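> Just to be clear, the model below is a prediction. Sequence and coordinates:
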Amino acid sequence: MTDVRPTSGTDTGSTEGVLHTLFRSDLGGHEQVVLCQDRATGLKAVIALHSTALGPALGGTRFYPYASEEEAVRDALNLSRGMSYKNALAGLEHGGGKAVIIGDPEEIKTEQLLLAYGRFVASLGGRYVTACDVGTYVQDMDVVARECRWTTGRSPERGGAGDSSVLTAFGVFQGMRAAAGHRWGEPTLRGRRVGVAGVGKVGHHLVEHLIEDGAQVVVTDVRPEAVARITERHPEVTAVPDAAALVRAPLDVYAPCALGGALDDATVAALTATVVCGAANNQLAHPGVEKDLADRGILYAPDYVVNAGGVIQVADELNGFDFDRAKAKAAKIYDTTLAIFDRAHTDGVPPAVAADRLAEARMAEARATRVPRQAQR
Ligand SMILES: NC(=O)c1ccc[n+]([C@@H]2O[C@H](COP(=O)([O-])OP(=O)(O)OC[C@H]3O[C@@H](n4cnc5c(N)ncnc54)[C@H](O)[C@@H]3O)[C@@H](O)[C@H]2O)c1
């Protein structure tokens, strides 16, 4: 489960320090931040709970060699805030949280460190549910789960749901169908030219959906073997050398499925597609790109909305994973994406802004109707 950033307030990188961000700036508002240390194993971690308005905070654990502790805290604050928005629009009974472990996983990740980390997560008593992110894998969650029952993203052998890319791709495809319906009147990609940048775990599943739906697919990837895996199976798929060539190729839809920041000024200016819908997190390279897209008449399906299939999957795991139940929930990404386009039209704002507003409204409603524990007795 990787990072996600809402469009509003995208950067908590204030020069005034993280405590200012946390307690005084508009970008904070986090409920709780926990600093964890276990000297015996070298564990240093930050667990940030942005919101539990909708339920226990859910979000992955990033294991990364941050340049400083300050940078790690900031990342946890940013990422957990993003998870609140993502979980709210995924229709989950979960708030937003995220944890970061400071250090190079190649050097310091050990079973004992992960167990110590699991004990810290367990100490929160279910207010935070963890999962995989950059630098952590299903095998790691299997270890964390030995100390902490609030762990998802485990391997199927240990009762987990395993690889989340299947439902992530399915959700992106639903978002793309909604965008096609909004733009061309029919919720299908039949006969449309769709460019997929990055055909890794999610991208290659997305290509299968597109081909089944009758789209003409163009792909690119920095790994030739990833492209070959597609073109050997589907000779009708064409490949171009890089993402810059893909955005310039004649396309109806552009699907960024590699890294963040795919939609920068040069890309937006060069795009031939009139719909953008892909799996990559944080596609907008900087605030304002969402408006540039709208000004060019390009319909942008917000990344954190359409790529929520993965978090929907790990949330389902908490109830004993049922693929069909999780898939049915991921299918609702179609309706959510349409609702965002409608709200964008009504409010006269880009879809990314409309998405943030809908997420904020759901969280505010939950806060307003929350029954205090004493009143429940
Ligand atoms: N896996 C999930 O469930 C999930 C869920 C939500 C969001 N995402 C996001 O979707 C994106 C893809 O995730 P994934 O799990 O498929 O990752 P992945 O690493 O399996 O696939 C990414 C692919 O992009 C390619 N790539 C990297 N740089 C590229 C470039 N400059 N041009 C073209 N191709 C390039 C890589 O070679 C790789 O094949 C990521 O941004 C990830 O954060 C994934």
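In hand now; what should we look at? Quick caveat: nothing in here was measured; it's all calculated off a predicted structure.

> and this protein, which residues reach the ligand?
Proximity of the chain to the ligand is confined to 2, 164-165, 168, 197-203, 220-223, 226, 243, 257-260, 279-281, 307, 310 under the rule CB under 6 Å from any ligand atom. (Glycine included, C-beta is placed from N, CA and C.)

> can you count the residues close to residue 209?
Counted with other CB atoms under 10 Å, the neighbours of residue 209 add up to 18.

> Now do the contacts for the nearest residue to it once chain neighbours are set aside.
For residue 209, the nearest residue in space outside its immediate sequence neighbours is residue 173; the separation is 4.1 Å by CB to CB, 6 or more residues apart in numbering. By CB atoms under 8 Å, 6 or more residues apart in numbering, the contact set of residue 173 is 206, 209-210, 213.

> Which ones among the residues of the chain next to the ligand map onto strands?
Using DSSP state E, 197, 220 are the members of those that sit in strands.

> In PDB, please show the C-alpha coordinates belonging to stretch 50-65.
The C-alpha trace of stretch 50-65 is given here as PDB (Å, rounded to 0.1, in the frame of the first residue of the first chain):
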ATOM      1  CA  HIS A  50      -4.400  11.400  10.900                       C
ATOM      2  CA  SER A  51      -8.100  10.500  11.500                       C
ATOM      3  CA  THR A  52     -10.100   7.800  13.100                       C
ATOM      4  CA  ALA A  53     -13.400   9.500  12.300                       C
ATOM      5  CA  LEU A  54     -14.600   6.700  10.000                       C
ATOM      6  CA  GLY A  55     -13.000   3.900  12.000                       C
ATOM      7  CA  PRO A  56      -9.500   2.500  12.900                       C
ATOM      8  CA  ALA A  57      -6.800   4.200  10.900                       C
ATOM      9  CA  LEU A  58      -5.600   2.000   8.100                       C
ATOM     10  CA  GLY A  59      -2.400   2.400   6.000                       C
ATOM     11  CA  GLY A  60       0.900   0.700   5.200                       C
ATOM     12  CA  THR A  61       4.300   0.700   6.800                       C
ATOM     13  CA  ARG A  62       7.100   2.300   4.800                       C
ATOM     14  CA  PHE A  63      10.600   1.100   5.500                       C
ATOM     15  CA  TYR A  64      13.000   3.800   4.100                       C
ATOM     16  CA  PRO A  65      16.400   5.300   4.700                       C
END
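
> If you average the pLDDT over it, what comes out?
For stretch 50-65, mean pLDDT rounds to 96.

> just how off-centre is that stretch within its chain?
12 Å (CA atoms, centre = their mean, to the nearest Å).

> Give the buried residues for that stretch.
Across stretch 50-65, burial judged by 16 or more other CB atoms under 10 Å covers 50-64.

> nearest to the ligand, of the residues you listed?
residue 60 (9.8 Å; CB to the nearest ligand atom).

> The closest one against residue 135, yeah?
No: assessed by CB atoms under 8 Å, residue 60 is found out of contact with residue 135, at 9.5 Å.

> quick revisit: which one of the contacts of residue 173 sits closest to the ligand?
residue 206 (8.9 Å).

> per-residue pLDDT, the closest residue to the closest one other than its chain neighbours?
Nearest residue to residue 206 in three dimensions, chain neighbours excluded: residue 169, at 4.4 Å (CB to CB, 6+ apart). pLDDT recorded at residue 169 is 98.

> Isn't residue 169 up against residue 309?
Yes: between residue 169 and residue 309 a contact is recorded at 7.1 Å, counting by CB under 8 Å.
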